[in-house]
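Visitor: pasting the sequence and the predicted coordinates here, then a few questions.
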Amino acid sequence: MDSISVSTEADIITKKIADTIYSRRQSFKPVAKSPVFDNLIVEGGENFFNYLEMNGFGNEPNLLVLSSKHHFYYDHNDLKGVKVLVNVRRLNIIKHLDSFLHVIFRVLPPDANFVGCFSDNGNLKKDGSPFYQTRLFYQKFINFLDSRTDRYMVKSEIIELLDSHGFKVIDMTEIDGLTYFTTRNKRNSGE
């Protein structure tokens, strides 16, 4: 005798609801075009992906994403054809930021784009507390002593820092508390 599986009406309704919720969640995800963009969405989030799309890098075949979880070593020859280099890690948590930016400038081809993000502490609202300035000073002091914490950064300082390392800032956009930026390598381009 064949065994026949009998489902209750409640089981069927529950499965249909679950399938509907799952399909709706899937419909809100952006459609990634390659494993590079899949990795970007996983590590950087949908906002990072949307920022790249908004700036016209969604169809860029010569895009490289620096993973925040996996460490790879690239030399100058590996990056010759790269047109867009995306750094997923926030600049606030990069330990030796000056060295990092210097190396990126040296290995990127002229006119290549460097894209990244940071937390702009200048956007923090003054909560009306008379101790606001004291808290800012204390936070900067603690960050100076303890390099493991997020460094205090403001938009104007980042623009100046990127410029001093040879990058021309093309765009800065704040999305959900993070400031995303696009720069261009000025080496040998006359900018």
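Guide: That came through, no problem.
Visitor: tell me which stretches of the protein form helices.
Guide: Assigned helices in the chain, in chain order: 9-28, 35-44, 46-54, 97-107, 132-145, 155-164 (criterion: DSSP state H).
Visitor: mean pLDDT for those: which is lowest?
Guide: When those are ranked by mean pLDDT, helix 9-28 comes last with a mean of 45.
Visitor: residue 186 is in contact with residue 166, correct?
Guide: Yes - using Cβ atoms under 8 Å, residue 166 is in contact with residue 186, at 5.1 Å. Every C-beta, even on glycine, is put in place using the N, C-alpha and C of the backbone.
Visitor: could you check which of those two is surrounded by more residues?
Guide: residue 166 (21 against 16; other Cβ atoms under 10 Å).
Visitor: now the closest residue to that one other than its chain neighbours: how far from residue 79?
Guide: Using Cβ to Cβ, 6 or more residues apart in numbering and skipping the chain neighbours, the partner closest in space to residue 166 is residue 105 (4.3 Å). Separation of residue 105 from residue 79 (Cβ to Cβ, to the nearest Å) stands at 12 Å.
Visitor: now do residue 168
Guide: In terms of Cβ to Cβ, residue 168 sits 19 Å off from residue 79.
Visitor: what does residue 98 give?
Guide: From residue 98 to residue 79 the distance is 20 Å (Cβ to Cβ).
Visitor: residue 109 now?
Guide: 7 Å.
Visitor: so how far is residue 94 from residue 88?
Guide: Counting by Cβ to Cβ, the gap from residue 88 to residue 94 is 11 Å.
Visitor: got it, and residue 111?
Guide: To residue 94, residue 111 is 24 Å away according to Cβ to Cβ.
Visitor: mind checking the pLDDT average for stretch 177-191?
Guide: Mean predicted lDDT for stretch 177-191 stands at 83.
Visitor: tell me the buried residues in it?
Guide: Judged by neighbour count using 16 or more other Cβ atoms under 10 Å, the buried positions of stretch 177-191 are 178, 179, 180, 181, 182, 183, 184, 185, 186, 187.
Visitor: can you list these in CSV and add distance to residue 122?
Guide: Below are the buried residues of stretch 177-191 laid out as CSV (distance: Cβ to Cβ, whole Å):
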residue, distance to residue 122
178, 13
179, 9
180, 15
181, 14
182, 19
183, 19
184, 24
185, 26
186, 25
187, 29
